[in-house]
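>>> Sharing a sequence plus its predicted fold:
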Amino acid sequence: MTQPAPPPHSPEPSSHQPPGYQPPGQQPPAFGFPMAPQAAPPKVNIAGGIVVAVITALVVGAAYGGILGATKHEFGYAAVAVGFLIGFATGKVGGDHVGLAAVGAVLSLASVYFGQLFGEAIVASKELPVSVPELFFQHFGLLNDAWRADADFLSYLFIAIAAGASFAGMKRAL
């Protein structure tokens, strides 16, 4: 028994090339491995990052003020959380941009400050026959003076820490 021979076929054109030959327009692979594809540049959405930063600052600042008003105590971790959440949200939506990091830090400062004012207004509304919106919109100067009278070194430190936490949150989001 003999096996039939395979039908003759025409040789491929590349089989006539010398070893190591590369067709024009192709680079030889380095050390026998193909090059990895280039990573796409990161996308930056500045407008979306700013919008999300403002919304997050309002919501988280109000929550911070509610915690301060309910407990009548300042918490450093809460201020860190305010800054971190603002930075994280800004970085997640906006991407890696120095301007967005600065916007997040400034909004963190403002959010902790207004959160402390909101907490002060809640405490004052429990002791005085005045509502929180009335204190904010009609007696803001008095509310700010009361906050300054109560503010100590830690109040200012918490505001500064929130800005640093915003940078850390943005870095973590990327």
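Arrived safely.
>>> Do me a favour and average the pLDDT over the biggest helix by length in the chain.
Using DSSP state H to define each element, the chain has its longest helix at helix 98-127. When pLDDT is averaged over helix 98-127, the result is 93.
>>> mean confidence score for the next helix or strand after it?
Later in the chain than helix 98-127, the nearest helix or strand by DSSP states H and E is helix 132-138. Across helix 132-138, the average pLDDT comes to 91.
>>> Next, count neighbours for Y77.
For Y77, the count of nearby residues is 11 (other C-beta atoms under 10 Å). Where you see a C-beta, it was placed from the backbone N, CA and C, and this is true even at glycine.
>>> Spell out the residue ranges of the helices in this structure.
46-71, 76-94, 98-127, 132-138, 140-150, 153-173.
>>> elements contacting the third one?
Counting contacts by 3 or more C-beta pairs under 8 Å, 6 or more residues apart in numbering; DSSP states H and E, helix 98-127 packs against helix 46-71, helix 76-94, helix 132-138, helix 140-150, helix 153-173.
>>> quick check: angle from it to helix 76-94?
Angle between the axes of helix 98-127 and helix 76-94 is 140 degrees (criterion: axes from the mean of the first three to the mean of the last three C-alpha atoms, to 10 degrees).
>>> Sort out which residues of helix 98-127 are buried, please.
Neighbour counts using 16 or more other C-beta atoms under 10 Å place 100-101, 103-105, 107-125 of helix 98-127 among the buried residues.
>>> Ok, the first one next?
Neighbour counts using 16+ other C-beta under 10 Å place 49-50, 52-54, 56-57, 60-61, 63-65, 67-69 of helix 46-71 among the buried residues.
>>> Between all of the residues you listed, which two are separated the most?
Largest separation among those by C-beta to C-beta: G49 and G69, giving 29.7 Å.
>>> now the longest helix of the chain: how far from the chain's centre is it?
Counting by C-alpha atoms, centre = their mean, to the nearest Å, helix 98-127 is centred 17 Å from the centre of its parent chain.
>>> Could you dump the helices of the chain into TSV and include distance to Q38?
Output for the helices of the chain, formatted as TSV (distance: least, C-beta to C-beta, whole Å):
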stretch	distance to Q38
helix 46-71	24
helix 76-94	23
helix 98-127	23
helix 132-138	52
helix 140-150	52
helix 153-173	23
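>>> now for the ones you listed, which one comes closest to A40?
Closest approach to A40 among the helices of the chain is made by helix 76-94 (17.0 Å; C-beta to C-beta).
>>> rewinding a little: ok, the buried residues of helix 46-71 vs F140, which is closest?
Using C-beta to C-beta, the buried residues of helix 46-71 come closest to F140 at G65, 14.1 Å.
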